[in-house]
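Peer 1: My questions are about this predicted structure, shown below with the sequence.
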Amino acid sequence: MIGKIFKNGILAAAAFAALASTAEAGGYSRGEADTDILFESGDFIFRAGATYVSPRRTFKTTGGTANHDGVYTNDYWIPSVAAKIGISENFACALTYTQPFGADATYGMDVRRAQFYGAGKAPYGDKNFVTNEYGATCDVKFDVGPGKLHVLGGVFLQDFSYTAVNEGDTVPGYVGVAPLPYGTLRLKDDSAFGYRIGAAYEITEYALRVSLLYRSQVKHKTNEGSYDVEDLGAIYLPASGYGTLPQSLKLAAQSGVAPGWLVYGSVKWTDWSVLDSLNYRIGAIPEQKDIYNWKDGWTLQAGVAHVFNEKLTGTVNLTWDSGVSTGADIHGDTVTLGAGILAKVGPGDLRFGGGISRMSSGSQSTSKGATFNATGGGGWAYGVTGSYKISF
């Protein structure tokens, strides 16, 4: 009985748990592959959607003086596509696409001056990177006791694209002094591979499911980058770079607690300490680094879902994401409140939700690897998400 009542509730919990962790997650985390589609009933299921995030992070001081640049973190989209194919009663596979990691920042004049005058570094005004993940994950089910044991495994291809714009022309005294003329650095790795494995146990009658899913780290390396020397016309210097994006392990659980009510939660560990720096070389200039010196990150979430009727389900959740900074940047902890609905619309299910995050303030210092001394003003992040699912 409870399992039947919770058919929509389970879907809502899975959908909006993902939203809260992407509003503004620790490190450079963004989207998660929609492998939860494997637990949904139906032999052929397709779901597509996107999340829009607007982080509002600022510096309070840079180089010991007040910072007037305003918000430096840019808005971004996280796409998600998943398709489940049921091959037999106890075997199914899912094809997924998302952007698991990324960052996008535009630094104002106060930061650029601090980079050059305070540290003698190239004054980068725009920096961004994005990764795309194309995955295939399969699920084998076994009857165990009153429920089903799921064994999951799969592989994914992940690419990496990084751009940094050296705006030395905007900082007086830079041209002719620093070893690198202003221009644009581009690094790209088209294909690196990883894998995910996991297990889950569910009892449909009680809307009970416990799962553990591991995602491997991915090492990126490219020798095909370039540096566009903008003040010298169409001149490109060769560039190369390398870095590692982290492994993660997520434990999630959900259970019906009363007719029409479901509770859920998760704990996720992300190995951000593996990314101590992004290393790159431009032409014959000695190797340079974007230093992070991060520690491992933890994400904890708890939520509740309620089935209002056969066509409408709602959910609310709270997420705490630990800051990963050890003093090389200003990023601190984040607390997110998320809410959403699942509605039967047309031939499928429409999911829509929103989240608001409070980002704590932090500080960075050159003694801990930062390019310049600074304090952060904290800030807010806002996110909205939507998706639509059709089953065949």
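Peer 2: Yep, it's here.

Peer 1: From residue 179, how far out is residue 281?
Peer 2: Using Cβ to Cβ, to the nearest Å, residue 281 is found at 12 Å from residue 179. Bear in mind the C-beta positions are built from the backbone N, C-alpha and C, glycine included.

Peer 1: After the helix or strand where residue 112 lies, which helix or strand is next? Please name it.
Peer 2: Element membership of residue 112 [criterion: DSSP states H and E] is helix 109-113. Once the chain leaves helix 109-113, the next helix or strand it forms, by DSSP H and E, is strand 124-144.

Peer 1: Paired strands for the very next helix or strand once past that next one, with orientation please.
Peer 2: Note on strand 124-144: by DSSP H and E, the next helix or strand toward the C-terminus is strand 147-166. Applying DSSP bridges, strand 147-166 is found paired with strand 124-144 (antiparallel), strand 183-203 (antiparallel).

Peer 1: Which of the ones you listed sits closest to residue 107?
Peer 2: Ranking the strands paired with strand 147-166 by proximity to residue 107 (Cβ to Cβ) places strand 124-144 first, at 5.3 Å.

Peer 1: what comes up buried for the closest one?
Peer 2: For strand 124-144, burial by neighbour count (16 or more other Cβ atoms under 10 Å) applies to 124-125, 127-135, 137-139, 141.

Peer 1: Can I get it as CSV, trimmed to CA atoms?
Peer 2: C-alpha atoms of strand 124-144 as CSV (Å, rounded to 0.1, in the frame of the first residue of the first chain):
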residue,chain,number,x,y,z
TYR,A,124,43.8,37.3,-15.2
GLY,A,125,40.3,39.0,-15.6
ASP,A,126,38.3,36.0,-16.8
LYS,A,127,38.7,32.4,-15.9
ASN,A,128,36.4,29.5,-16.6
PHE,A,129,36.4,25.8,-17.2
VAL,A,130,33.8,23.2,-17.8
THR,A,131,33.6,19.4,-18.1
ASN,A,132,31.1,17.2,-20.0
GLU,A,133,30.4,13.7,-18.9
TYR,A,134,28.9,11.0,-21.2
GLY,A,135,28.1,7.9,-19.3
ALA,A,136,26.6,4.4,-19.5
THR,A,137,25.6,2.7,-16.3
CYS,A,138,24.0,-0.7,-15.9
ASP,A,139,21.9,-2.3,-13.1
VAL,A,140,21.5,-6.0,-12.3
LYS,A,141,18.7,-6.9,-9.8
PHE,A,142,18.5,-9.9,-7.5
ASP,A,143,15.7,-11.1,-5.2
VAL,A,144,17.1,-10.9,-1.7
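
Peer 1: Could you pull up the mean pLDDT of it?
Peer 2: For strand 124-144, mean pLDDT rounds to 96.

Peer 1: coming back round to it: residue 281 and residue 179: which is more packed in?
Peer 2: Higher neighbour count among residue 281 and residue 179: residue 281, with 18 against 12, using other Cβ atoms under 10 Å.

Peer 1: Show me the beta-bridge partners of the more buried one.
Peer 2: In this structure, residue 281 bridges to residue 240 when assessed by DSSP bridges.

Peer 1: Thought residue 289 was touching it, still the case?
Peer 2: No: at 10.2 Å, residue 281 does not count as touching residue 289 under the criterion of Cβ atoms under 8 Å.

Peer 1: Dihedrals phi and psi, the nearest residue to residue 271 once chain neighbours are set aside?
Peer 2: Once flanking residues are discounted, residue 271 sits nearest to residue 246: 4.1 Å by Cβ to Cβ, 6 or more residues apart in numbering. Main-chain dihedrals, residue 246, degrees, to the nearest 10: phi -80, psi 160.

Peer 1: residues near residue 246, how many?
Peer 2: 24.

Peer 1: Can you give me every residue that contacts it?
Peer 2: Going by Cβ atoms under 8 Å, 6 or more residues apart in numbering, residue 246 touches 27, 217, 270-275.

Peer 1: Show the pLDDT at it.
Peer 2: 97.

Peer 1: now do residue 297
Peer 2: Residue 297 carries a pLDDT score of 94 in this model.

Peer 1: how about the closest residue to it other than its chain neighbours, secondary structure?
Peer 2: For residue 297, ignoring the flanking residues on the chain, the nearest one in space by Cβ to Cβ, 6+ apart is residue 26 at 3.9 Å. Put simply, residue 26 is coil when judged by DSSP: H, G, I helix; E, B strand; the rest coil.

Peer 1: if I look at residue 26, how far off is residue 323?
Peer 2: 6 Å.
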